[in-house]
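Chemist: Next comes the sequence, and after it the predicted model I'd like to discuss.
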Amino acid sequence: MPPLSQALESPAAVRGAALGSLAGSASFVRMFKPQFAPLVESGEKCQTVRPWPKRLPQVGDRISLRCWTGKPYRSKQRVLREARITEGVAVYIDSDGVNLYETDWSAGYAPNCGAFAVADGFSCWEEMRQWFEREHGLPFRGVLLVWQNTKQREKLGLTQAGLAALLEVTRETVNRRESGEQPITHEAALAIRSLRPAKPKAKK
């Protein structure tokens, strides 16, 4: 298990902040590089991995997802999407893969690296690994933020009830997740992103 930097709080701090209030009212802004902006705007990218923030968000908090229209800090900001945070989990990335932690650094779980990389806007795990090594250095410790996206469900041509049936949960659960009242599990988020729109039936 990697040693925990003393400057980094425990994963429980993230989970505690994320779950501490199901009716968060704070607002956060997150900027995205040009390569990720179209994916955020289209709704394909519904998560971001960031260095440990000074102020941890809560489930239900508003998040404004933006990009610069020109040079960073020397141009206007363009809003890509307004959303509500549905999950906050501590994340550890090294050359071997990704680990997520909800309580402490000794009890994590490893999502599928390929699926996680695609959900984060990369084509594959190797591209994500190289990007993080170049931009932040490895190992990397930070926080995974996830936001709701009703357009993704609608793009799939699914109602809340239809999505609930596929995930084997109730429609009320889907509704609460989309409104930010209840956090979505990371497994469910990955499952939703793996779905593809149904092909139209051929006319006879």
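Modeler: Nice, thanks for sending it over.
Chemist: what about residue 165, helix or strand, and which?
Modeler: In this structure, residue 165 is located in helix 160-167 according to DSSP states H and E.
Chemist: chain center to that helix: distance?
Modeler: Relative to the chain's own centre, helix 160-167 is displaced by 20 Å; criterion: C-alpha atoms, centre = their mean, to the nearest Å.
Chemist: next SSE after that helix?
Modeler: On the C-terminal side of helix 160-167, the nearest following helix or strand under DSSP H and E is helix 171-179.
Chemist: Name the SS class of the nearest residue to residue 47 once chain neighbours are set aside, please.
Modeler: Counting by C-beta to C-beta, 6 or more residues apart in numbering, residue 146 is the residue found nearest to residue 47 once chain neighbours are left out, at 4.6 Å. In short, each C-beta sits where N, CA and C put it, glycine included. Here residue 146 is strand, with the state taken from DSSP: H, G, I helix; E, B strand; the rest coil.
Chemist: related to what we said a few turns ago, what is the helix holding residue 165 packed up against?
Modeler: helix 171-179, helix 186-194 (3 or more C-beta pairs under 8 Å, 6 or more residues apart in numbering; DSSP states H and E).
Chemist: and the last one, what does it pack onto?
Modeler: On a contact count with 3+ C-beta pairs under 8 Å, 6+ apart, helix 186-194 meets strand 77-94, helix 113-119, strand 140-147, helix 150-155, helix 160-167.
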